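S.K.: Predicted model and sequence below, questions to follow.
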Amino acid sequence: MAKAFVKIGEDSYVNEWVAPREDAGYILIEADESLVNNLDCVKVVNGIATLDKTKQEELQEDNKELLVMLEKEREMYE
């Protein structure tokens, strides 16, 4: 587990990951490295980041068109 500083939004999901700093509302948590940089689908429970898979799927569905567009753009540069 890695330690990371995050900001948590009103909906209790992580909405910002930052380099180590404990100011301006950032809190120190523990997180599996695979969760670092995931936004709006990671909740912090007792200081530990947890992935809300249902929320992640909802976000992916809501942003499906954007994800397809980004994938096509990425393929152009391969």
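M.R.: Nice, I can see it. Owing to the predicted nature of the structure, the values given are computational and were not obtained by experimental measurement.

S.K.: Unless I misread the structure, E61 falls within a helix.
M.R.: Yes - the assignment for E61 by DSSP: H, G, I helix; E, B strand; the rest coil puts it in a helix.

S.K.: Next, count neighbours for it.
M.R.: 9 (other CB atoms under 10 Å). The way it works is simple: take the backbone N, C-alpha and C, and place the C-beta from them, glycine included.

S.K.: need the longest helix for the chain.
M.R.: helix 64-76 (DSSP state H).

S.K.: Restrict that helix to CA atoms and write it as CSV.
M.R.: The C-alpha coordinates for helix 64-76 follow below in CSV (Å, rounded to 0.1, in the frame of the first residue of the first chain):
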residue,chain,number,x,y,z
LYS,A,64,-18.4,6.3,-23.3
GLU,A,65,-18.3,8.6,-26.3
LEU,A,66,-15.2,10.4,-24.9
LEU,A,67,-13.4,7.1,-24.1
VAL,A,68,-14.0,5.9,-27.7
MET,A,69,-12.8,9.2,-29.1
LEU,A,70,-9.6,9.0,-27.0
GLU,A,71,-8.9,5.4,-28.0
LYS,A,72,-9.2,6.3,-31.7
GLU,A,73,-6.9,9.3,-31.1
ARG,A,74,-4.4,7.1,-29.3
GLU,A,75,-4.4,4.6,-32.2
MET,A,76,-3.5,7.3,-34.6
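
S.K.: Give the residue spans of this structure that score low on pLDDT.
M.R.: In the prediction, the chain carries residues with pLDDT under 70 at positions 20-23.

S.K.: quick one on the thing from earlier: ok, and what's touching the longest helix of the chain?
M.R.: Contact with helix 64-76 is made by Q60, as judged by CB atoms under 8 Å, 6 or more residues apart in numbering.

S.K.: Give the buried residues for it.
M.R.: Buried residues in helix 64-76, defined by neighbour count with 16 or more other CB atoms under 10 Å: none.

S.K.: Kindly report the same for stretch 13-30.
M.R.: For stretch 13-30, by 16+ other CB under 10 Å, it's 13-14, 17, 26, 29.

S.K.: Among those residues, name the ones in helices.
M.R.: Using DSSP H, none of the buried residues of stretch 13-30 sit in helices.

S.K.: Done for today, thanks.
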